[in-house]
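Participant: fold the stuff below for me.
(4 chains)
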2 protein chains.
Amino acid sequence: MTTLTITPVDVSTCAPSGLAAPIGRPEAEQLAALLKAISDPTRIQLISYINASNNSEACVCNLTEPLALTQPTVSHHLKVLTDAGLIEREKRGTWVWYTVNQDRWKQIAKLLEI
Amino acid sequence: MTTLTITPVDVSTCAPSGLAAPIGRPEAEQLAALLKAISDPTRIQLISYINASNNSEACVCNLTEPLALTQPTVSHHLKVLTDAGLIEREKRGTWVWYTVNQDRWKQIAKLLEI
DNA sequence: AGATTACATAGATGTTTGTCTATGTTTCCC
DNA sequence: GGGAAACATAGACAAACATCTATGTAATCT
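Facilitator: Here you go, the predicted structure:
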């Protein structure tokens, strides 16, 4: 199990009425941490590439070349996304397969509601 | 008129099919810049405070105290949000009133579709 | 006109972050 | 068991960023 550096956001407690009502500091920090994980061009591309892959899953070695980045850099970004609960990690033999957590993305849309 | 440091994202050209298909670097950078503007706890609180204000608008002097920040810091964040097209600025006399650009927020939900 | 109020801009500073190289760990295969 | 392949972790470094103090600008009021 991976250590989570970002506490997974619970939609039911974090900004329960979206952005329409005043948000306290802790809730704002949680939401900001979640959004920050997506706010990087490389990570946005990673998400789209995983989604567009066969069976909607991809391993690290499939992602380094199209992004023209080193393997550790890609691993780093995938860890950020995993810690935020935006993608999921599954080890099968030597490979590690990543998939997008679809529910998580629907949550985000809810959190941004006004 | 304020100088825009972030090119406003055109939904029709930026990630036209959401995050389901591979996204090129320029489009990913545009989307990341937009999301980065929201990915800060202070700015998230600002948005919620503006929305919760009378007439859904607020001036800088109304926002410094509840956030416990200096006026220049609040002005800085409001500029980031304005440049990203997320809020709008209207000067009336000595005061400057900020409102949330509702359409812009709906665009973001579209951009994040999977 | 002078003083005051509201806001923006400039510049400085400590922290965060994206990327790299180097190395460790685990699994597979011969 | 030894080598190779896939991935993670550690450490370093430059760029970006959030905040502050100091100062500039514009509008109001007496």
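
Participant: state the pLDDT value of the residue lying closest to A:S53 once chain neighbours are set aside.
Facilitator: Nearest residue to A:S53 in three dimensions, chain neighbours excluded: A:N62, at 6.7 Å (CB to CB, 6 or more residues apart in numbering or on different chains). Any C-beta I mention is one placed from the backbone N, CA and C, and that applies to glycine too. According to the prediction, A:N62 has pLDDT 95.

Participant: the host helix or strand of A:N62 near DNA strand C anywhere?
Facilitator: Assessed by DSSP states H and E, A:N62 sits inside helix A:60-67. No: between helix A:60-67 and DNA strand C, judged by CB under 7 Å from any atom of the strand, nothing touches; the nearest distance is 8.3 Å.

Participant: how about that helix: buried residues?
Facilitator: Buried residues in helix A:60-67, counted by 16 or more other CB atoms under 10 Å in any protein chain shown: A:62-64, A:67.

Participant: likewise stretch A:102-111?
Facilitator: Quick answer for stretch A:102-111 (16+ other CB under 10 Å): A:104-105, A:107-108, A:111.

Participant: mean confidence score for it?
Facilitator: 88.

Participant: name the element A:I47 belongs to?
Facilitator: Taking DSSP H and E as the definition, A:I47 sits inside helix A:41-52.

Participant: so which other helices or strands are in contact with that helix?
Facilitator: helix A:25-38, strand A:57-59, helix A:60-67, helix A:71-83, strand A:95-100, helix B:25-38 (3 or more CB pairs under 8 Å, 6 or more residues apart in numbering or on different chains; DSSP states H and E).

Participant: want to throw the ones you listed into JSON lines with distance to DNA strand D?
Facilitator: Shown next, in JSON lines, are those (distance: least, CB to the nearest atom of the strand, whole Å):
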{"stretch": "helix A:25-38", "distance to DNA strand D": "9"}
{"stretch": "strand A:57-59", "distance to DNA strand D": "3"}
{"stretch": "helix A:60-67", "distance to DNA strand D": "3"}
{"stretch": "helix A:71-83", "distance to DNA strand D": "3"}
{"stretch": "strand A:95-100", "distance to DNA strand D": "4"}
{"stretch": "helix B:25-38", "distance to DNA strand D": "6"}
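
Participant: could you redo those as a markdown table and give each row distance to B:L81?
Facilitator: Converted to a markdown table, those look like this (distance: least, CB to CB, whole Å):
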| stretch | distance to B:L81 |
| --- | --- |
| helix A:25-38 | 13 |
| strand A:57-59 | 34 |
| helix A:60-67 | 30 |
| helix A:71-83 | 24 |
| strand A:95-100 | 28 |
| helix B:25-38 | 6 |
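
Participant: and of the buried residues of stretch A:102-111, the nearest to DNA strand C?
Facilitator: Taking CB to the nearest atom of the strand as the measure, A:I108 is the one of those closest to DNA strand C, at 16.9 Å.

Participant: that's all I had, so thanks and see you.
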